[in-house]
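Peer 1: I need the structure of the sequence given here:
(chains A, B, C and D)
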4 protein chains.
Amino acid sequence: MYSFKNDYSEGAHPQILEALIDTNMEQVEGYGEDCYTLKAVKLLKQRIKRNDIDIHLLSGGTQTNLTALSAFLRPHEAVIAANTGHILVHETGAIEATGHKIISAEVRDGKLDSALIKSALDAHTDEHMVKPKLVYISNPTEIGSIYKKRELEKLSQFCKANNLFLYVDGARLGSALCSEENDMELSDLGMLVDAFYIGGTKNGALMGEALVICADSLKEDFRFHMKQKGALLAKGRLLGIQFLELFRDNLYFDLAKHTNRMAGLLRKEISQAGYPFLIHSPSNQIFPILPNWLIAQLQVKYSFYVWEKVDTHTSAIRLVTSWATTEDAVWTFIEDLKNAMVSDH
Amino acid sequence: MYSFKNDYSEGAHPQILEALIDTNMEQVEGYGEDCYTLKAVKLLKQRIKRNDIDIHLLSGGTQTNLTALSAFLRPHEAVIAANTGHILVHETGAIEATGHKIISAEVRDGKLDSALIKSALDAHTDEHMVKPKLVYISNPTEIGSIYKKRELEKLSQFCKANNLFLYVDGARLGSALCSEENDMELSDLGMLVDAFYIGGTKNGALMGEALVICADSLKEDFRFHMKQKGALLAKGRLLGIQFLELFRDNLYFDLAKHTNRMAGLLRKEISQAGYPFLIHSPSNQIFPILPNWLIAQLQVKYSFYVWEKVDTHTSAIRLVTSWATTEDAVWTFIEDLKNAMVSDH
Amino acid sequence: MYSFKNDYSEGAHPQILEALIDTNMEQVEGYGEDCYTLKAVKLLKQRIKRNDIDIHLLSGGTQTNLTALSAFLRPHEAVIAANTGHILVHETGAIEATGHKIISAEVRDGKLDSALIKSALDAHTDEHMVKPKLVYISNPTEIGSIYKKRELEKLSQFCKANNLFLYVDGARLGSALCSEENDMELSDLGMLVDAFYIGGTKNGALMGEALVICADSLKEDFRFHMKQKGALLAKGRLLGIQFLELFRDNLYFDLAKHTNRMAGLLRKEISQAGYPFLIHSPSNQIFPILPNWLIAQLQVKYSFYVWEKVDTHTSAIRLVTSWATTEDAVWTFIEDLKNAMVSDH
Amino acid sequence: MYSFKNDYSEGAHPQILEALIDTNMEQVEGYGEDCYTLKAVKLLKQRIKRNDIDIHLLSGGTQTNLTALSAFLRPHEAVIAANTGHILVHETGAIEATGHKIISAEVRDGKLDSALIKSALDAHTDEHMVKPKLVYISNPTEIGSIYKKRELEKLSQFCKANNLFLYVDGARLGSALCSEENDMELSDLGMLVDAFYIGGTKNGALMGEALVICADSLKEDFRFHMKQKGALLAKGRLLGIQFLELFRDNLYFDLAKHTNRMAGLLRKEISQAGYPFLIHSPSNQIFPILPNWLIAQLQVKYSFYVWEKVDTHTSAIRLVTSWATTEDAVWTFIEDLKNAMVSDH
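Peer 2: Purely as a prediction, here's the structure:
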């Protein structure tokens, strides 16, 4: 059984494990004040091309989102997010648990735009309602679509003009930035948004997300919030070493490119086999619509999510590739799919 | 510079790293439902000698405490803790941040007893005050003392009789259970308390704590709380593999024994050199009281915390040993201390 | 300028003020333990025909909702409400501020039904999402519609079968129970729901809501929650005396009947004048759709909310009547409307 | 049975009830935007001699404290309070329920000073601990002592120098400001502290506290916080009319003076009868130490709190006077006390 269920089925890229081993017996400071974390942070600043930003390493996406958003907002302030947003759907109310409402905006392609945000602002007029204060987007979105630079610029301008913070959940940021359709760089994010995080867990790390705080007003005392939310690891080196390895050379982007290439192969071949897709997703999640009998047959050898029933006979499935997906596995899957098409019905 | 500052200065025991490498490319389930976590949980239940308990793996002590306590308590219920308790002092108000007051009981040796708890209960008489509901103790305590089985039994009985939950923070549980003065086993904890955690971070793991929930009424839906607090790792295998390795044979206890032996050496030699201790601490933290000039001299080669000024001329320092502390380092430290005594003053 | 903006523009029914004066210099217990509160609670139990319920008096609707819901739910549990629900729209995220997500169900007429709730349940499948646990409905709804007994029975059965609490926000409960279309009594609520509140503020009291807790499991320690949320008034008599007065004879229902009769008059006359309504609302809020020029003209003498633009030429307005609305005011308004129709256009 | 238990046993000063009746049938705006609230706020600004302050009317002390402090603090920030502070003892963890730790400072006379605050600051050194940010004092304190102007000035300077907010709980502020030993005016508070509240509930109102926010940085969006915490009354007039009545002429201070005069009489006579006091309390709470047999005898006709056992034979009781305490009642009590002394033992 081979899994295309997600991009965190395997452990870490071997180079990361080696770095852990190489540094293992050195005595370093705890709680993210070790030399590796400091180096990783310095390196990331160079990559983002800003020295006046703060960077903190945390363990996972939900933890990063809840720590950041609760630190950034006053009690009556709310978040605006697409209805597909991870914080709205798959984080067990983590943001609400810190006291903040999330205003859901109905979207088709996973992406927010100024019109949707304006709608939310217009609907919140006085002190009987929460005050929208932070816009949460994901890049790539939870359904694989990505933001173009122009779209992010517009969002950025709109948010600035309306006194809103703009925050990007980058759980799969590598895949977005390495997408064929992408026209942004890490440094663009650093200029356009108030805070974002660079996901490690879903791009080759054992775990780890690098939260980048660009807006000065959001920086103060952030380590207090991390500690309070249980996000300061005693052995912070574990995060520092990983991000150092990912960004020392180009590993982070190499892994994302591989990931995307694997998804691209699947996309192209499935498309050529005549199947449509639920959504245009130029990153590492694809959503082909297949006949149910074919899905059943593929499930014998492969695990993946059946995403959504499309009609009586067909459903969309989700295939996710990762840094660890082998080209062999992809070709075998394609072959199996083609064989099934020939043999059956 | 050699560090006796804490027990998390190094990485993980090499055997753990090897296990991570050996299993690295296997595809497993995410979020703690992988085979390694399941095996580790099964193994821990055997060690605790109860099958009717729930075990969850989390990343760190603060995270474990805040997730557990906020899951266990209703909004008006409070925690009773020794004034030295980690949750009262060193977790940035993490418990209060989930809405719960901690009632502080003044102690001398880091330990709570029934009389102190009764005092707290007696002072909370009606709905104008919080309702004490959970007793938090640490074993070993934050200042290295440990509970004897008889003491824990008394606490357990008192808590049951007074409708209180009893919770043990076991950040350094290995050191307590392997102390020469200890008369308890893991299975005793399983019988006597409502929940406790077995600390991995401070005993050879990269990170990780195993929360054991014994009381049926505290078990329901705990994974929801973990996810909500950002404590469900996508690659839960990282925790499962480590605890499997720690408890597959006897590694966890072997490491703790080594740790304690190193502390014992320091204790014995410093004592024989004529120095008293701030507190009787039969675990891996010791608090010798040294002349300030001697402390200054040791600080040239060693890092450690100066814990507390005792009088004009002397202070207590804290020395912590760990699974990674080498006997060489200990003997060198002792030699340096003795040399300093001879040469100086 | 006469106001049809809401049902809390005037003070209290004079009988209530008299009772406050009559009892003013008596010394009574504080914090809701006074003789008047005790009597009011006893009386309400008789009216609800259950002795095994708990009743608490609070100051306002938002306070009652947030105190009750946060007391009833564990941290990961969520509320299901109609998208028009007061807690979703007009309470500044008060429920989320206590940590709980509200799942919004899109409705047309302000009312929830089992199918909508089932949808919400089906969409929440595991620990990556909140756990729906309490269904919040309002009777009458925020847009004036009311639940029939059969509808409430079905909701009650569905909730019981699905282990959900059913909670009724009764801010305007008097108006619902005295509606011509109503077929329920106070005692039906006591049998069918887990908790509900009887609104006083919007039916003749200076302020005050009587929260009725029917489900045994929700009763424990409720006064702790009230105190913690700032809802225990030192001079609790202020609430007790008012509810005593409202329910000693039939004042509460008499006032609601008058309120509804005034709304009925407006409804009938506006309808006969040829105008449609945005929604069927057989309680004290009506939503006629009028030409914009007519609205403008009425605004010269009357204040009311323009609820919603319907098309280029017409809008729905909201007219609210209360215990204090005079028949004279209603007839004058109708006359003014008719005169405007004749004179203009 | 006559009660000296507290200062909220009776209703409101008759003048307040008359004002409620006189204005009862006027239609006014809801939620604190009515003309009476606006007038009351304007009047209070004149009394405090500052126009650049914000004033909000809330229902009770706990509500005011929790709404203000949670609005003023970020999640990791903590409050410093005397161990006798109302928020630490008698508000059911209301502040912690909003997520904030209260650091308790041990005091003798209910009062904080700079040294105690400095101690708390010194003990909170880094992000592993909460960050002290707001100093909470009560004037008079919970045990009847009052702050002199010089003391408040020193606190104010210390707080400013250390970037701390200074907040005064004025539940019984009238009694403090009208104490014979007082040397402050309302306008001094306006100059020296960042926020304070003027208690109405315990000085003749049915309920109501006027929160005064002096520091600009604390003002923004405060009404959002009020609504979110259930503190915006639909009929806000109820608060506005009361404060207007209390401050239109000199009623607030007249009532406090009467209250203090009654306490003074009791103090003087009990003292002359030879009994000492637990604490020097020049406001409306006094704590005479009486023989237990005498207490028992007084309890036949009077209700009051037995505050604290002093030795085997004597205890301190608490006597509280109010605006409603009659001189007759006081003299009868004194007579009864003297008669008991003669007759007994």
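Peer 1: Would you mind confirming that A:Phe253 is in contact with A:Ser179?
Peer 2: No: between A:Phe253 and A:Ser179 there is no contact, the gap being 11.5 Å when judged by C-beta atoms under 8 Å. Backbone N, C-alpha and C define where each C-beta goes, glycine included.
Peer 1: any shared contact partners between the two?
Peer 2: With contacts taken as C-beta atoms under 8 Å, 6 or more residues apart in numbering or on different chains, A:Phe253 and A:Ser179 have no neighbour in common.
Peer 1: buried ones in stretch A:45-54?
Peer 2: The neighbour-count check on stretch A:45-54 (16 or more other C-beta atoms under 10 Å in any protein chain shown) flags A:Lys45, A:Arg47, A:Ile48, A:Ile53, A:Asp54 as buried.
Peer 1: quick one: the strands in the stretch 201-345 of chain A?
Peer 2: For the stretch 201-345 of chain A, applying DSSP state E, counting those that start in this stretch gives strands covering A:209-213, A:285-286, A:289-291, A:302-303, A:305-309, A:314-320.
Peer 1: More neighbours: which of A:Phe253 and A:Ser179?
Peer 2: Neighbours were counted for A:Phe253 and for A:Ser179 using other C-beta atoms under 10 Å in any protein chain shown; A:Ser179 has more, 24 against 17.
Peer 1: circling back: okay, the strands of the stretch 201-345 of chain A in JSON lines with mean neighbour count, mean pLDDT and distance to chain C next?
Peer 2: JSON lines is the format used below for the strands of the stretch 201-345 of chain A (neighbours: other C-beta atoms under 10 Å in any protein chain shown; pLDDT from 0 to 100; distance: least, C-beta to the nearest C-beta, whole Å):
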{"stretch": "strand A:209-213", "mean neighbour count": "25", "mean pLDDT": "98", "distance to chain C": "17"}
{"stretch": "strand A:285-286", "mean neighbour count": "25", "mean pLDDT": "98", "distance to chain C": "17"}
{"stretch": "strand A:289-291", "mean neighbour count": "19", "mean pLDDT": "98", "distance to chain C": "21"}
{"stretch": "strand A:302-303", "mean neighbour count": "18", "mean pLDDT": "98", "distance to chain C": "17"}
{"stretch": "strand A:305-309", "mean neighbour count": "14", "mean pLDDT": "96", "distance to chain C": "12"}
{"stretch": "strand A:314-320", "mean neighbour count": "21", "mean pLDDT": "98", "distance to chain C": "15"}
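Peer 1: quick one: which of those is nearest A:Asp109?
Peer 2: strand A:285-286 (12.9 Å; C-beta to C-beta).
Peer 1: Tell me which other helices or strands the closest one touches.
Peer 2: helix A:251-272, strand A:314-320 (3 or more C-beta pairs under 8 Å, 6 or more residues apart in numbering or on different chains; DSSP states H and E).
Peer 1: and these as TSV, adding distance to D:Ala78?
Peer 2: TSV is the format used below for those (distance: least, C-beta to C-beta, whole Å):
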stretch	distance to D:Ala78
helix A:251-272	39
strand A:314-320	44
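Peer 1: do you know which of those lies nearest A:Ser104?
Peer 2: Closest to A:Ser104 of the helices and strands packed on strand A:285-286 is strand A:314-320 (C-beta to C-beta; 21.5 Å).
Peer 1: partners of that closest one in the sheet?
Peer 2: strand A:285-286 (antiparallel), strand A:289-291 (antiparallel), strand A:305-309 (antiparallel) (DSSP bridges).
Peer 1: where does the last one sit relative to the chain's centre, distance-wise?
Peer 2: The offset between the C-alpha centroid of strand A:305-309 and the centroid of the whole chain comes to 20 Å, using C-alpha atoms, centre = their mean, to the nearest Å.
Peer 1: does any part of the host helix or strand of A:Ile80 sit near chain B?
Peer 2: Using DSSP states H and E, A:Ile80 maps to strand A:77-82. No: using C-beta under 8 Å from any C-beta of the partner chain, strand A:77-82 stays clear of chain B, with a minimum separation of 15.8 Å.
Peer 1: Measure how far that strand is from the centre of its chain, please.
Peer 2: In terms of C-alpha atoms, centre = their mean, the centre of strand A:77-82 is set 17 Å apart from its chain centre.
Peer 1: how about that strand, does it reach chain C?
Peer 2: Yes: using C-beta under 8 Å from any C-beta, we find that strand A:77-82 touches chain C at A:Ala78.
Peer 1: elements contacting that strand?
Peer 2: helix A:86-89, strand A:102-105, helix A:114-122, strand A:131-138.
Peer 1: just checking, A:Leu266 touches A:Ile286?
Peer 2: Yes: applying C-beta under 8 Å, one finds A:Leu266 in contact with A:Ile286, separated by 6.0 Å.
Peer 1: Show me whatever sits in contact with both of these two.
Peer 2: A:Leu319.
Peer 1: To B:Asp22, which of the helices and strands packed on strand A:285-286 lies closest?
Peer 2: Nearest of the helices and strands packed on strand A:285-286 to B:Asp22, taken as C-beta to C-beta: helix A:251-272 at 21.4 Å.
Peer 1: Which one of the strands paired with strand A:314-320 lies nearest to B:Leu337?
Peer 2: Going by C-beta to C-beta, the one of the strands paired with strand A:314-320 nearest B:Leu337 is strand A:285-286, 60.1 Å.
Peer 1: Need the pLDDT of A:Val342.
Peer 2: Looking at A:Val342, its pLDDT stands at 86.
Peer 1: how much space between it and A:Gln297?
Peer 2: Separation of A:Val342 from A:Gln297 (C-beta to C-beta, to the nearest Å): 12 Å.
Peer 1: okay, these two: which has more neighbours?
Peer 2: Higher neighbour count among A:Val342 and A:Gln297: A:Gln297, with 19 against 7, using other C-beta under 10 Å.
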